[in-house]
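S.K.: This is a predicted model, with the sequence first.
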Amino acid sequence: MPAPIGVLALQGDFREHRQTLAAIDVDSIEVRTLGDLSKCAGLIIPGGESTVMQKLAVAYDLFDPLHDALKAGLPTFGTCAGLIVLADEIIDGIAGQAGFGGLDVSVRRNAFGNQLDSFEVDLEFKGVTGPAVHAAFIRAPIVERIGEGVEILSKLSDGRVVGVRQNNLMGISFHPEVTGETRIHELFVSMVRGI
């Protein structure tokens with residue numbers, strides 16, 4: 001791949017995503033500026049705090065460029081808070097909260113409660129072969145509305161949606177980067193190479 005994968009490094013667990021990419025021999029850079037963003041073949045938006053991410057993106061003059069890059073087709077993968085900021089609608093956002101948008105879904109933040117309600121579970125994930133994906137849910141969102149053209153990639157056993165893709169965008173509710181799971185990052189890299 002001629003250009004690296006960027007990892008939005010304003011806040012959240014961006015280091016763990018870079019470690020996961022390194023484990024699969026994919027170059028990455030931390031994205032904090034428009035110049036960083038312009039060097040990327042694709043972008044990962046990590047877990048963290050979606051409202052803080054929004055404020056920092058505005059402060060770093062990255063909010064509109066990120067929105068425009070996603071709309072223009074930059075392959076982007078969001079985990080947890082990353083899914084929230086990719087969603088077109090945040091159901092229970094705080095006043096003034098907005099994401100970069102692009103995924104025609106509605107998400108509910110902290111759908112499972114607080115940090116103490118975190119859990120791990122094995123999931124089937126479309127596009128990933130081999131054993132089930134071991135997923136860690138930490139103050140995780142859930143996808144409550146799926147728009148036309150959005151593909152469901154993964155669900156919990158009760159049917160709640162925790163993984164989606166629409167064109168160049170993929171979002172998941174959980175954290176593969178903290179459980180040693182590399183196959184979803186590999187799937188994203190194949191998306192970047194194919195777009």
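M.R.: Right, received. Where do you want to start?
S.K.: can you tell me which residues contact residue 186?
M.R.: residue 24 (C-beta atoms under 8 Å, 6 or more residues apart in numbering). Heads up, the C-betas are built off the backbone N, CA and C, glycines and all.
S.K.: Tell me the secondary structure at it.
M.R.: helix (DSSP: H, G, I helix; E, B strand; the rest coil).
S.K.: and the gap between it and residue 52?
M.R.: Per C-beta to C-beta, to the nearest Å, residue 186 is found 29 Å from residue 52.
S.K.: Please report how far the nearest residue to residue 63 once chain neighbours are set aside lies from residue 78.
M.R.: Once flanking residues are discounted, residue 63 sits nearest to residue 57: 4.2 Å by C-beta to C-beta, 6 or more residues apart in numbering. Between residue 57 and residue 78 the distance is 13 Å, computed by C-beta to C-beta.
S.K.: confidence score at the residue nearest to residue 63?
M.R.: pLDDT recorded at residue 57 is 95.
S.K.: Quick check on it: phi, psi?
M.R.: Residue 57 adopts backbone torsions of phi -60, psi -40, taken as degrees, to the nearest 10.
S.K.: now do residue 4
M.R.: phi -80, psi 170.
S.K.: quick one, what contacts it?
M.R.: 26, 27, 28, 29, 39, 40, 41.
S.K.: Next: residue 111.
M.R.: Counting by C-beta under 8 Å, 6+ apart, residue 111 has contacts 140, 141, 142, 160, 173.
S.K.: Among those, which lie within strands?
M.R.: Mapping the contacts of residue 111 onto strands (DSSP state E) picks out residue 142.
S.K.: Nearest to residue 85 among the contacts of residue 111?
M.R.: Of all these, residue 141 has the smallest distance to residue 85: 10.2 Å, by C-beta to C-beta.
S.K.: residue contacts, the closest one?
M.R.: 80, 81, 83, 84, 107, 108, 109, 110, 111, 173.
S.K.: Which parts of the chain are strands?
M.R.: Counting by DSSP E, the strands of the chain are 5-8, 28-31, 42-45, 76-79, 87-90, 103-108, 119-123, 133-137, 142-146, 151-155, 161-166, 169-172.
S.K.: show me what contacts the residue most central in space within the chain?
M.R.: Of all residues in the chain, the one closest to the mean position by C-alpha atoms, centre = their mean is residue 78, 0.7 Å from it. Residue 78 makes contact with 44, 45, 84, 85, 86, 169, 170, 171, 172, according to C-beta under 8 Å, 6+ apart.
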